[in-house]
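Trainee: Structure for the following, please:
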Amino acid sequence: MNRLVRVSTEVVVRFWPLIVAQGIGESIASYGIWRQLAVPMFILPIVMFTVAVVIVLYGRIVASVLPGQSSDSWAILQKYGLCYLVAMLAIGTPELLFKVLARQSNMAGSTFWAISGSIHVAMSLLTIYSLPIVFLKRAHVPAVLAGVGFLMAHIWQSRWILGVVVLALVIHGGGVIAIWKWPSAQTYILVTSTGVLTAILHSVSFLSATRVLLGVPSERSGVST
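Mentor: Residues are numbered from 1 along each chain as shown. Below is the predicted model:
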C-alpha cells in the first residue's frame, strides 16, 4: 500500500464515530433502504444529518493536518457548510442534467443506468481534489474546477488516491446490486456495513488528496498554505 494512503488511513480511523454515522446515513439514503422501512418522512432529516456529519468529519480531518484550525462542530458547519453544498451541487450537475434529459426522451432503462453510472464514476474520479480545496480555500465552484485542473497536472502522482476512490465505487455498486437482487433484512445489514467501509475509503482519499495539495508549492497547486 502506498505510504500516503497508509498514513491517511491511520489518521482517519480516529474519527470512527463520525465515519460510522456517515456510512449508516448514506446507506439508508442512497441504497433506498428508507423505502423498505416505510419511513419516507424521515429521509430528509436523515440526509440533512448525514451531510452535516460529512462536513464536520472533513473539517476535523483538515484540522488534524493544519494547526490552528477549529475542530468545533458548529464552527466547522458555519465555516464550510455553504461552500460544501454549492460544490456538491456543481459536482452533481452533469449527472442531474443527464437524468432530466433522459427522462424526457424515454431512454431505455439499461442505457439510462449505464450512462448515469458512468457520469457518476467520472465525476467522482475527476473531483478527488475538489472537496479538499473547498475546505482549504473556503471556495465552491472555483474549487471544483481547480481540483480537476490539479488532477490533470498530477495524474500519475494521484494514482493511489484514484485507486481508493475506484474501490469505494465498486463496493457501493455492489451494495446497490445486492439490494436490487436480494432485498431482505440481512442484505440491509450487509450493505450498511459496506456503506461504512465506503465512508472510510472516501475519508482516506480526502485526507490523502489534502496532503498532496499541501505538499505541492502553492504556485503549482493553486492552494495557499
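
Trainee: where does the chain have low pLDDT?
Mentor: Within the chain, the segments meeting pLDDT under 70 span 1, 31-42, 185, 216-225.

Trainee: Mind doing that once more with 90?
Mentor: Judged by pLDDT under 90, the chain has its weakly predicted residues at 1-13, 24-47, 64-71, 99-114, 116-117, 172-195, 215-225.

Trainee: Mind telling me which residue is nearest the centre of it?
Mentor: Geometric centre of the chain, nearest residue: H202, 5.5 Å, by Cα atoms, centre = their mean.

Trainee: Chain neighbours aside, what residue packs nearest to that one?
Mentor: Once flanking residues are discounted, H202 sits nearest to A168: 5.7 Å by Cβ to Cβ, 6 or more residues apart in numbering. Where you see a C-beta, it was placed from the backbone N, CA and C, and this is true even at glycine.

Trainee: In which helix or strand does the residue nearest to the centre of the chain reside?
Mentor: helix 185-215 (DSSP states H and E).

Trainee: again, but for L18
Mentor: Element membership of L18, judged by DSSP H and E, is helix 16-30.

Trainee: for that helix, packing partners?
Mentor: Counting contacts by 3 or more Cβ pairs under 8 Å, 6 or more residues apart in numbering; DSSP states H and E, helix 16-30 packs against helix 43-65, helix 159-181, helix 185-215.

Trainee: about what we covered before: V11 versus the residue nearest to H202, what's the distance?
Mentor: Separation of A168 from V11 (Cβ to Cβ, to the nearest Å): 17 Å.

Trainee: So between these two, which is more surrounded?
Mentor: Remark: of A168 and V11, A168 carries more neighbours, 21 against 16, as counted by other Cβ atoms under 10 Å.

Trainee: coming back round to it: which strands and helices sit next to the helix holding H202?
Mentor: Helix 185-215 packs on helix 3-12, helix 16-30, helix 33-36, helix 43-65, helix 130-137, helix 159-181, going by 3+ Cβ pairs under 8 Å, 6+ apart.

Trainee: Now the first one - C-alpha only, CSV.
Mentor: Going back to what we said before, that points to helix 3-12. The C-alpha trace of helix 3-12 is given here as CSV (Å, rounded to 0.1, in the frame of the first residue of the first chain):
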residue,chain,number,x,y,z
ARG,A,3,2.7,5.2,2.2
LEU,A,4,0.4,8.3,1.7
VAL,A,5,-2.7,6.1,1.8
ARG,A,6,-1.5,4.1,4.7
VAL,A,7,-0.7,7.2,6.9
SER,A,8,-4.1,8.7,5.9
THR,A,9,-5.9,5.5,6.9
GLU,A,10,-4.2,5.6,10.3
VAL,A,11,-5.4,9.2,10.9
VAL,A,12,-8.9,8.7,9.5
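
Trainee: in the helix holding L18, what counts as buried?
Mentor: 18-30 (16 or more other Cβ atoms under 10 Å).

Trainee: Save the residues you listed as a markdown table, and put in distance to F206 too.
Mentor: Output for these, formatted as a markdown table (distance: Cβ to Cβ, whole Å):
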| residue | distance to F206 |
| --- | --- |
| L18 | 12 |
| I19 | 11 |
| V20 | 16 |
| A21 | 16 |
| Q22 | 11 |
| G23 | 14 |
| I24 | 19 |
| G25 | 17 |
| E26 | 14 |
| S27 | 19 |
| I28 | 21 |
| A29 | 19 |
| S30 | 18 |
